[in-house]
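Asker: Would you be able to build a 3D model of this:
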Amino acid sequence: MANGIPQTLTEAIVYFSDLNRAHDLVCFLIWPGQPVCPHCGGLEPSFYANRRVFRCKECKKQFSVKVGTIFEDSPLGLDKWLCVIWMVANCKNGVSSYEIRRAIGVTQKSAWFMLHRIRLAMKTGTFKMLSGAVEADETFVGGR
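Answerer: The predicted structure follows:
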């Protein structure tokens, strides 16, 4: 591992298998400064380390790093997500859902779902999900 960055898939799996390290990395990517409540925008959330959950002091709601990101609504842990992101970013010829299924031990359907979310994040340049009124192919989805 050069400069603390995984160079191979095996190193990436070992590196991201530490859930605290994976959580801290995603926190840094989403909130470079300090965590912000996705519900009210509060700047002083408490952190419960045993559950890896934040609790806003203003609105009293709990949230995790997955809320509002491509990881939301996924039962898969950040360790698997970050390994797949590493694979997509480092494989110059692309990666298939079958290859991900074999490498990290998920179903092909889960691997396909992850690939689509990661490609969306790479296209938009952020891990945050699209929200509000989104126009695509001259069609409005949602709204009034």
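Asker: can you map out the helices along this structure?
Answerer: According to DSSP state H, the chain carries its helices in the segments 9-16, 19-30, 78-90, 97-104, 108-124.
Asker: Give the other helices and strands that the fourth one contacts.
Answerer: With contacts taken as 3 or more CB pairs under 8 Å, 6 or more residues apart in numbering; DSSP states H and E, helix 97-104 sits against helix 78-90, helix 108-124. Just so you know, the C-beta spots here come from the backbone N, C-alpha and C atoms, and that holds for glycine as well.
Asker: Equivalent analysis for the second one, please.
Answerer: In this structure, helix 19-30 makes packing contacts with helix 78-90, judged by 3+ CB pairs under 8 Å, 6+ apart.
Asker: hmm, who's touching the helix it packs on?
Answerer: Among residues not part of helix 78-90, those counted as contacts by CB atoms under 8 Å, 6 or more residues apart in numbering are 6, 9, 12-13, 16-19, 22-23, 25-26, 65-66, 71, 74, 94-95, 99-100, 103-104, 106, 111, 114-115, 118-119, 122.
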